[in-house]
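1. any chance you could fold what I've pasted below:
(chains A, B, C and D)
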Protein chains: 2
Amino acid sequence: MQKRVSLKDIAKKAGVSIATVSYVLSKQKNSGVSAEVSDKIRKIAKELNYRPNQIAKSLQSGKSHTIGLIVADISNPFFAQIARIIEDEAKKNGYTVIFGSSDEKASKSGDLIKFLLNRQVDGFIIAPSEASENQLRNLKEQKVPFVLIDRYFPNMETNFVTINNQKAAFDAIKRLKENGKERIGMIAYDTQLHHMQERVKGYKDAITSEEYEDQLLHEVEFSKTKESVPKAIDELLNGAHPIDAIFFATNTLGITGLKHLNERNIKVPDDIAVIVFDESEAFDFFYCPLTYVKQPLPDLAKKAVNVLVEQIDKPSHKLSKIQLEAELIIGDSCS
Amino acid sequence: MQKRVSLKDIAKKAGVSIATVSYVLSKQKNSGVSAEVSDKIRKIAKELNYRPNQIAKSLQSGKSHTIGLIVADISNPFFAQIARIIEDEAKKNGYTVIFGSSDEKASKSGDLIKFLLNRQVDGFIIAPSEASENQLRNLKEQKVPFVLIDRYFPNMETNFVTINNQKAAFDAIKRLKENGKERIGMIAYDTQLHHMQERVKGYKDAITSEEYEDQLLHEVEFSKTKESVPKAIDELLNGAHPIDAIFFATNTLGITGLKHLNERNIKVPDDIAVIVFDESEAFDFFYCPLTYVKQPLPDLAKKAVNVLVEQIDKPSHKLSKIQLEAELIIGDSCS
DNA sequence: ATTTGTTACTTAAACGTTTAAGTAATATAT
DNA sequence: ATATATTACTTAAACGTTTAAGTAACAAAT
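-> As a prediction, this is how the structure comes out:
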């Protein structure tokens, strides 16, 4: 990499001090430097193709104008979509985004946070993984601004942007019941993460306690999705009282589950009704238009950026706890 | 954001100079500092939870250990998958990734490059957009290391990692012909980008010139995919000699096209044979298992990182031009 | 007893900015 | 004519590191 042009180079060529060049190039208002000298400096800067060194600016100002984005997996379309919106919104605010994938592992997310803190990010947007409360507590202690997205910890005071997961799940199950479904199974992730717990809670609330039996809810491990979901579905279908409807708690679970239904040649909605949480391009090709819970991703991501930028600009103890509403998109999969 | 702990703070507390602290904390080998003082410094560093300021290190060393990734759209699963692999591979090499989406627009990619150069990225991995040769030429002039991925410019000497697009397309069409298809349409993007041109070339090569007619190839604009693909398909199907097979040049084109075939209730493979370039989770739900061209994404992305890191570490004029082979995965959509 | 060497540090400069404080020259006010 | 302001700069310190060069204390070699 060629040595980059610095203020010093311009100063030397213009025969003025570095400070003068800085004043000319960094202030919009002409701050005390004569038009003559200003023009000369600007001309030379252009000639030499001067680009300010953001690293030096950062060191001097203590701000990197960079935000760290930590998601479970950037290759998951749900997070990739969020990442794209965050990227655009951040750019509008003069920020760059550095991202990292935690794979839902607290250890990875911890490493990532340290790594990005060394990089002096000004703040974080985090989809936190399970058992990462301590990491967040550390951030709070160090007064590093951050916003949680998608999930949060109800017993911790933080900024967050999420949806009303409980209501969304409740509405979905209500829909199934209205359509006469009586034994509704749910496939969720085996995690204490709040968004998942809320979805489960919404499910349980909608099902009256009598009919609810523990066997109807199956919780699978993140890392064993591919094997566990088919097994869970089989168990739900093969018991004495087979389910007549199934609710998938995320799009990955939905995709995996629907593939299995296809393999077993179980027809939606005739053999079983289905509702999925979240969208997926894949669902467009499912033979039966799915009923699904649509999260307002653009809003979610934009709000996250805006809250974070605000916290960075003027740190306050006022926390933003934003809960948006999801929408149940009606297809034909639960009629 | 709380003031971070610096070497100065440790030095003050330990009663030594900043340099001593730096020597202790940055050298693995104990370089001349007594065990006593070393231990004391390390202890204090731990106590104060010292984290080195990467920005200061970067300024001093001239290396940011950051790479800029410019893709068309991070929310496109093709690029999101690449991004994830690049992230992991970069981390292994001690690098962070900053990403940006160009939306296939040279203007955006130009802005992005400037923006990331200001951030002092050590190098770039770029899926270049059309007409961005000048930007790359500038990078070359400034001796900024970069590697192109997915596409490249054949008349420009750069590092690149790509697949043999022509052969992949040729093989796909050959397959269709072997299966007795005689009028094979292709839907591609209207762009001079090399990967697309190669795919078109492979298509044209495989079709003997007599049977080839210009009407069989339809090129649509990036920004008008949603409207143009259905129109193109209709034209291919409604002429005097309707096509009996169709080749989609990317997964986005494939998804859009297949949706339209569904809407028109045209059955694959009975009414029409189909081959798609690239994979998609969506294809798993298409009623007919698709025959598609599978790119070795992990290999592609890892090689890109490795080439880049090598160029950063020891800049040379030896360029790496890597072309991998794609694989035609046989489904039932072209039999 | 003097030189030479080694140990264990410290000093100071550098990376590229910003910005408060300083200064010399000229203009304006009294 | 002197004091005060204004203009148009420059100097120097700071941000947090690294690292070459310097130094003081002591040990070993002659």
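
2. correct me, but residue A:49 touches residue A:6?
-> No: at 12.0 Å, residue A:49 does not count as touching residue A:6 under the criterion of C-beta atoms under 8 Å. From N, CA and C alone the C-beta is placed, and that goes for glycine too.

3. which one of these two is surrounded by more residues?
-> residue A:6 (17 against 11; other C-beta atoms under 10 Å in any protein chain shown).

4. which ones are touching the residue lying closest to that one once chain neighbours are set aside?
-> Leaving aside its sequence neighbours, residue A:6 sits nearest to residue A:53 (C-beta to C-beta, 6 or more residues apart in numbering or on different chains; 6.8 Å). Applying C-beta atoms under 8 Å, 6 or more residues apart in numbering or on different chains, one finds that residue A:53 lies in contact with A:4, A:6, B:59, B:118, B:120.

5. I'd like the residues you listed as TSV, with secondary structure appended.
-> Shown next, in TSV, are these (DSSP: H, G, I helix; E, B strand; the rest coil):
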residue	secondary structure
A:4	coil
A:6	coil
B:59	helix
B:118	helix
B:120	coil
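
6. ok, of these, which one's closest to residue A:298?
-> Residue A:298 lies nearest to residue B:118 out of those, by C-beta to C-beta, at 27.5 Å.

7. from residue A:50, how far off is the closest one?
-> According to C-beta to C-beta, to the nearest Å, residue B:118 stands 11 Å off from residue A:50.

8. which stretches of the stretch 151-300 of chain A form helices?
-> Here the stretch 151-300 of chain A has its helices, by DSSP state H, counting those that start in this stretch, at A:165-178, A:194-206, A:225-238, A:251-263, A:297-313.

9. now find how far off-centre the first one is within its chain.
-> From the chain centre to the centre of helix A:165-178 is a distance of 23 Å (C-alpha atoms, centre = their mean, to the nearest Å).

10. ok, now stretch A:7-19?
-> Centroid separation for stretch A:7-19 versus its chain: 45 Å, with C-alpha atoms, centre = their mean.

11. list the contacts of it.
-> Applying C-beta under 8 Å, 6+ apart, the external contacts of stretch A:7-19 come out as A:20, A:21, A:22, A:25, A:37, A:40, A:41, A:44, A:45, A:48, A:50.

12. one more: stretch A:193-213?
-> Looking at what lies outside stretch A:193-213 - C-beta under 8 Å, 6+ apart - the contacts are A:128-130, A:150-154, A:162, A:164-174, A:177, A:182-184, A:186, A:188-189, A:216-217, A:219, A:247, A:249, A:277.

13. now those residues: which count as buried?
-> A:128-130, A:150-153, A:162, A:165-174, A:177, A:183-184, A:186, A:188-189, A:216-217, A:247, A:249, A:277 (16 or more other C-beta atoms under 10 Å in any protein chain shown).

14. sorry, back to before: out of the helices of the stretch 151-300 of chain A, which gets nearest to DNA strand C?
-> Closest approach to DNA strand C among the helices of the stretch 151-300 of chain A is made by helix A:297-313 (14.8 Å; C-beta to the nearest atom of the strand).

15. export that closest one as PDB, just CAs?
-> C-alpha atoms of helix A:297-313 as PDB (Å, rounded to 0.1, in the frame of the first residue of the first chain):
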ATOM      1  CA  LEU A 297     -37.800  -5.700   9.800                       C
ATOM      2  CA  PRO A 298     -37.100  -2.400   8.200                       C
ATOM      3  CA  ASP A 299     -38.700  -0.600  11.100                       C
ATOM      4  CA  LEU A 300     -37.000  -2.800  13.600                       C
ATOM      5  CA  ALA A 301     -33.600  -2.200  12.100                       C
ATOM      6  CA  LYS A 302     -33.900   1.500  11.500                       C
ATOM      7  CA  LYS A 303     -35.100   2.100  15.000                       C
ATOM      8  CA  ALA A 304     -32.200   0.200  16.400                       C
ATOM      9  CA  VAL A 305     -29.800   2.400  14.500                       C
ATOM     10  CA  ASN A 306     -31.500   5.500  15.500                       C
ATOM     11  CA  VAL A 307     -31.700   4.700  19.100                       C
ATOM     12  CA  LEU A 308     -28.000   3.700  19.100                       C
ATOM     13  CA  VAL A 309     -26.900   6.800  17.300                       C
ATOM     14  CA  GLU A 310     -28.800   9.000  19.700                       C
ATOM     15  CA  GLN A 311     -27.200   7.200  22.700                       C
ATOM     16  CA  ILE A 312     -23.800   7.700  21.100                       C
ATOM     17  CA  ASP A 313     -24.400  11.400  20.400                       C
END
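
16. right, and residue A:68 touches residue A:127 too?
-> No: the pair formed by residue A:68 and residue A:127 falls short of the contact definition of C-beta under 8 Å, at 12.0 Å.

17. Throw the helices of the stretch 151-300 of chain A into a markdown table and include mean pLDDT and distance to residue B:86, thanks.
-> Output for those, formatted as a markdown table (pLDDT from 0 to 100; distance: least, C-beta to C-beta, whole Å):
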| stretch | mean pLDDT | distance to residue B:86 |
| --- | --- | --- |
| helix A:165-178 | 96 | 32 |
| helix A:194-206 | 95 | 28 |
| helix A:225-238 | 95 | 24 |
| helix A:251-263 | 95 | 22 |
| helix A:297-313 | 97 | 22 |
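
18. redo these as CSV? Include distance to DNA strand C.
-> Shown next, in CSV, are these (distance: least, C-beta to the nearest atom of the strand, whole Å):
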stretch, distance to DNA strand C
helix A:165-178, 44
helix A:194-206, 41
helix A:225-238, 48
helix A:251-263, 45
helix A:297-313, 15
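
19. a markdown table for the ones you listed, including distance to residue A:72?
-> Formatted as a markdown table, these follow (distance: least, C-beta to C-beta, whole Å):
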| stretch | distance to residue A:72 |
| --- | --- |
| helix A:165-178 | 16 |
| helix A:194-206 | 11 |
| helix A:225-238 | 12 |
| helix A:251-263 | 10 |
| helix A:297-313 | 15 |
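
20. any idea how far the nearest residue to residue A:40 once chain neighbours are set aside lies from DNA strand C?
-> Spatial nearest neighbour of residue A:40, excluding adjacent residues (C-beta to C-beta, 6+ apart): residue A:14 at 5.5 Å. Distance, residue A:14 to DNA strand C, using C-beta to the nearest atom of the strand, to the nearest Å: 13 Å.

21. kindly tell me how buried residue A:307 is, as a neighbour count.
-> For residue A:307, the count of nearby residues is 24 (other C-beta under 10 Å).

22. contacting residues around residue A:284?
-> Residue A:284 makes contact with B:255, B:259, B:282, B:285, according to C-beta under 8 Å, 6+ apart.
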